[in-house]
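> Fold the following for me, if possible:
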Amino acid sequence: MIAGLLGDLAAAQTDPHRKFGYKQAASAIRRLEEPIEALVEPDGTLARIPRIGPASARVIMDVVRTGGSPFVEAAVDASGRRADILRRRGCRDHFLSHARVREILAGRTPGGPGRQDYHGDLQMHSTWSDGAQSLEAIFAAGIDRNYRFAAVTDHSAGLPIANGVPFSRFLEQRREIARLNARHRGRFRLLSGVEANIRADGEVDVPLEERRLFDVVVAAPHSALRRADMQTERMIAAVTAPGVHILGHPRGRMYGSRPGVAADWPRVFAAAARSGVAIELDGDPSRQDLDWVLARQALDAGCIFALDSDAHDVDEWSNVDCALAHAVLAGIPAERIINAWELDRLLAWAARRREGRAPA
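Residues are numbered from 1 along each chain as shown. This next block holds a predicted model:
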């Protein structure tokens, strides 16, 4: 709540420096490793937090003491932007702070997914598209984290804004992956993947004959994410397309900015369960998509899940903790999470999906 109110205060500013300062303060609160209450001194003052100035500290202490901030509400009213700011508030539902993620993983119930169950990340990006990590760096990070496998899923050519990769370049990447796999055989396996774009009509922008050449295909929406109308058929078309393995960040929502795709999600999840397509819990802190509320619906529909970091750099691999926390809250057992499967089982499932076959 505090980070959200600081974001509202930023949105209410006309001075660019103040706007930037409140945005920085909101980001600092979201990344704290302990609850804000633990940072209140015995004398009732707030301990020093980097990037938190006096005005931001006032907002924090107002919330700690009363659960709200008249200072923020007055600024919002004075800005003349209350309607837009209220719309943005609606885009913050069911997001977890870093401190809350740590708390959930520390207190998870037996049978819930934990780091020890997690064998590998199945959505990340390299320098071949819009990532900052080389394939060599991915191998090193995977080995360092004791992962058994991972998939590099650079963007397809249909998303030029993310430096999408032409298929001919994917073939080059596949050869490089094979070379590195041979070097690290027995220690870590990198799978060749792609993050394909789900067009507005539900078509996946990587043709079937090309999809069948990847180990893992993540299909994700990247357009029409602000439409209010239902896009159920679009999403059903994607999860029933042969050769699609994972429905990536299903809504395409973004913290405080957009709610993402609206759909009859139980219908989408039922179609995914019949097809054997995994529903992703994307751990990017700004996405957290799906959150635990919708993930429970997917669990009830019989879905399997992928828990991924969506990392664009090695430092972002820890994003998966956020996905794990949502999975714990949703009550998803480890056996329903494909990242917790042994590699042979994962590859057998992937082969069935490439041919469009139903789950075994």
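
> can I assume His249 is in contact with Arg287?
Yes - in this structure His249 lies within contact range of Arg287 using CB atoms under 8 Å: 5.3 Å. For every residue, glycine as well, the C-beta is placed using N, CA and C.

> what about these two, which has more around it?
Ranked by neighbour count (other CB atoms under 10 Å), His249 and Arg287 place His249 first, with 28 against 24.

> three-state assignment of that one?
Assigned with DSSP: H, G, I helix; E, B strand; the rest coil, His249 falls in the coil class.

> which residues does it contact?
Listed by CB atoms under 8 Å, 6 or more residues apart in numbering, the contact partners of His249 are 220-221, 280, 282, 284, 287, 289, 310.

> Could you identify the most distant pair in those?
Farthest-apart pair in the contacts of His249 is Pro221 and Asp284; separation 14.6 Å (CB to CB).

> Tell me which of the two has more neighbours.
Using other CB under 10 Å, the more surrounded residue of Pro221 and Asp284 is Pro221, with 24 against 21.

> how about the strands in this protein?
All strands of the chain, identified by DSSP state E, fall at 120-121, 149-155, 189-198, 216-221, 246-247, 278-282, 304-308.

> what is the orientation angle of the third one with strand 149-155?
Spelled out, that is strand 189-198. Per axes from the mean of the first three to the mean of the last three CA atoms, to 10 degrees, the angle that strand 189-198 makes with strand 149-155 is 30 degrees.

> Can you name every helix or strand that strand 189-198 contacts?
Judged by 3 or more CB pairs under 8 Å, 6 or more residues apart in numbering; DSSP states H and E, strand 189-198 is in contact with helix 135-144, strand 149-155, helix 167-183, strand 216-221, helix 232-239.

> With mean pLDDT added, can I get those in a markdown table?
Output for the helices and strands packed on strand 189-198, formatted as a markdown table (pLDDT from 0 to 100):
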| stretch | mean pLDDT |
| --- | --- |
| helix 135-144 | 97 |
| strand 149-155 | 97 |
| helix 167-183 | 96 |
| strand 216-221 | 98 |
| helix 232-239 | 98 |
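
> shaky segments in the stretch 51-200 of the chain?
For the stretch 51-200 of the chain, the stretches with pLDDT under 70 are 108-111.

> and of the helices and strands packed on strand 189-198, who's closest to Thr66?
Nearest of those to Thr66, taken as CB to CB: strand 216-221 at 39.4 Å.

> Now do the closest one: which elements does it pack against?
Here strand 216-221 touches strand 149-155, strand 189-198, helix 232-239, strand 246-247, going by 3+ CB pairs under 8 Å, 6+ apart.

> Quick one: residues in contact with it.
For strand 216-221, the surrounding residues in contact (CB under 8 Å, 6+ apart) are 122-123, 151, 153, 191-198, 204, 206, 211, 234-235, 238-239, 241, 243-252, 260-261, 280, 306, 350.

> Across the sheet, point out what pairs with the residue positioned nearest the centre of the chain.
Residue closest to the average C-alpha location in the chain (CA atoms, centre = their mean): Asp282, at 2.3 Å. Beta-bridge partners for Asp282, by DSSP bridges, are Asp289, Asp308.

> Please list all residues in contact with Tyr126.
That one is not Tyr; residue 126 is Ser. Counting by CB under 8 Å, 6+ apart, Ser126 touches 133-135, 138, 152, 154.

> Drop anything exposed from these.
Buried by 16 or more other CB atoms under 10 Å: 133, 135, 138, 152, 154, out of the contacts of Ser126.

> Surely the first one and Ala311 touch.
This means Gln133. Yes - using CB under 8 Å, Gln133 is in contact with Ala311, at 7.3 Å.

> what residues do those two have in common as contacts?
Common neighbours of Gln133 and Ala311 are listed as 124-125 (criterion: CB under 8 Å, 6+ apart).

> Can you pull the phi/psi pair for the residue nearest to Arg148 when sequence neighbours are not counted?
Leaving out its chain neighbours, the residue that sits closest to Arg148 by CB to CB, 6 or more residues apart in numbering is His119, at 4.5 Å. Backbone torsions for His119, taken as degrees, to the nearest 10, come to phi -100, psi -20.

> Do I have it right that His119 meets Trp341?
Yes - between His119 and Trp341 there is a contact under CB under 8 Å: 7.1 Å.

> Tell me the spacing between Gln123 and Ile138.
12 Å (CB to CB, to the nearest Å).

> Likewise for His17?
His17 sits 38 Å away from Ile138, going by CB to CB.

> just Ala200 next, same as before
Ala200 is 32 Å from Ile138, by CB to CB.

> and what of Ala348?
Separation of Ala348 from Ile138 (CB to CB): 24 Å.

> And stretch 43-54, end to end?
17 Å (CA to CA, to the nearest Å).

> now it: how far from the chain's centre is it?
In terms of CA atoms, centre = their mean, to the nearest Å, the centre of stretch 43-54 is set 30 Å apart from its chain centre.

> what sits up against it?
Contacts with stretch 43-54, where a contact means CB under 8 Å, 6+ apart, come from 21, 24-25, 27-29, 32, 39-41, 57, 60-61.
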